[in-house]
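Chemist: Any chance you could fold what I've pasted below:
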Amino acid sequence: MNVVIVRLSAMGDVIHSLPLAANLARAGHRVAWAVEKPFAPLLAGNPSVALVIDVQTRRWRRRPWRSAAYAEIGSARSALRAFGADAVLDPQGNEKSWAVAQFARAPRVVLDDRSVRGNWTRRLSAVRVRPGDSARHVTDRVMALLAPLGVPVRKAAPDARYLLAGEHREADAFLARLPRSFALYHPGAGWANKSWGEERFAALAERVRTARGISPVVSWGPGDEPRAEALSRRLGAPSIPPLDFRGLARVAAGAAFFAAGDTGPLHLADALGVPTVALFGPTDPVRNGPYRRNGVEFSSSLRCAPCNDRYRETKPCLAGTSPEDVARAVFARFPAA
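Modeler: Model (predicted):
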């Protein structure tokens, strides 16, 4: 059977959906994945994905009258039809994924997850799948899409280690300049209220450096530059150079641990098997946290948390997590050698 996965974005969501492809391929099915172009390199080299089809729905919606948009839409439509899909799995379940799924001309199996905001396009699907109450993590909820195809879940944890294959000149050169033992601190986040704050990351990193001799290195992504520069100045620590997903994976794989809020890079580190220091406030780590839970995890006990709302600044649900408490947990997880 040929199966198309439509999980267009974002980084963490794509990573959380990786086991869909792994289990389909393990069962002998051929997999194509439609994904927004900026995230297509995240799937490059994945042995479970035979074809990556990039789309640019944001640009198409902003400038639909441009000839380039027509050409890109036509190219994506042709690629999806040429794949000859027997089914489309849609864990995203919104207007964008519905529109892209139509290109494949195959029955759409959509995740109708009532724990997140509903969407009218789910009623237009051949099959609507509601995950069971026992499936709490988003990856386990997404795996419910495999049941209508009769595909057993043999592998549940996201695995992105294929990104480590081969050489990466820029990442390898940067790693060669780092101390033997280092940890990555990622102060940025897609939502401002998911960021713990540079001053708290700095306080944690200083304690870890003093007590464990683990040197700090600053991780960042597009849009995080001001926070990364501020943290780098506070610590006198290097920031990673501009790297693609493979390069980031290579650097992360060498770290003692990866500390961040609810961000894509945190989930990438977890999918590489790197221990994580996960700092959650507005979102629920039980649902969205690192799947392997191979590190330490903090969340708020405030009654309003998790709210899943976006704000322009760090709120008490995250600011209330003290660097001292996180440091104690890190020291317990990583005893002195």
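
Chemist: for residue 156, what are its contacts?
Modeler: 19, 139-140, 143, 291 (Cβ atoms under 8 Å, 6 or more residues apart in numbering). The way it works is simple: take the backbone N, C-alpha and C, and place the C-beta from them, glycine included.

Chemist: in the stretch 101-250 of the chain, which spans are helices?
Modeler: With DSSP state H, counting those that start in this stretch as the criterion, the stretch 101-250 of the chain has helices at 138-142, 169-177, 198-212, 225-235, 245-253.

Chemist: Could you export the shortest one as PDB, CA atoms only?
Modeler: As requested, C-alpha coordinates have been extracted for helix 138-142 and formatted as PDB (Å, rounded to 0.1, in the frame of the first residue of the first chain):
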ATOM      1  CA  VAL A 138       0.600  13.500  21.300                       C
ATOM      2  CA  THR A 139       2.800  10.800  19.700                       C
ATOM      3  CA  ASP A 140       0.600   8.000  21.200                       C
ATOM      4  CA  ARG A 141      -2.500   9.900  20.000                       C
ATOM      5  CA  VAL A 142      -1.200  10.200  16.500                       C
END
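
Chemist: what distance separates it from the middle of the whole chain?
Modeler: The chain centroid and the centroid of helix 138-142 are separated by 13 Å under Cα atoms, centre = their mean, to the nearest Å.

Chemist: same check, this time on the last one
Modeler: Distance of helix 245-253 from its chain centroid, counting by Cα atoms, centre = their mean, is 13 Å.

Chemist: which other residues reach the following helix or strand past it?
Modeler: Moving toward the C-terminus from helix 245-253, the next helix or strand (DSSP states H and E) is strand 258-260. Outside strand 258-260, the residues that touch it by Cβ under 8 Å, 6+ apart are 183-187, 189, 201, 204-205, 219, 252, 265-266, 269, 274-279, 326.

Chemist: Quick one: name whatever helix or strand follows strand 258-260.
Modeler: The helix or strand immediately downstream of strand 258-260 is helix 264-271, counting by DSSP H and E.

Chemist: Packing partners of that following helix?
Modeler: Packing partners of helix 264-271 (3 or more Cβ pairs under 8 Å, 6 or more residues apart in numbering; DSSP states H and E): helix 11-16, strand 182-186, helix 245-253, strand 258-260, strand 276-279.

Chemist: okay, the ones you listed in TSV with mean pLDDT and distance to residue 316 next?
Modeler: Output for those, formatted as TSV (pLDDT from 0 to 100; distance: least, Cβ to Cβ, whole Å):
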stretch	mean pLDDT	distance to residue 316
helix 11-16	98	24
strand 182-186	98	21
helix 245-253	98	30
strand 258-260	98	19
strand 276-279	98	13
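
Chemist: Pipe the ones you listed into JSON lines and attach distance to residue 297 per row.
Modeler: Below are the helices and strands packed on helix 264-271 laid out as JSON lines (distance: least, Cβ to Cβ, whole Å):
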{"stretch": "helix 11-16", "distance to residue 297": "15"}
{"stretch": "strand 182-186", "distance to residue 297": "15"}
{"stretch": "helix 245-253", "distance to residue 297": "18"}
{"stretch": "strand 258-260", "distance to residue 297": "11"}
{"stretch": "strand 276-279", "distance to residue 297": "5"}
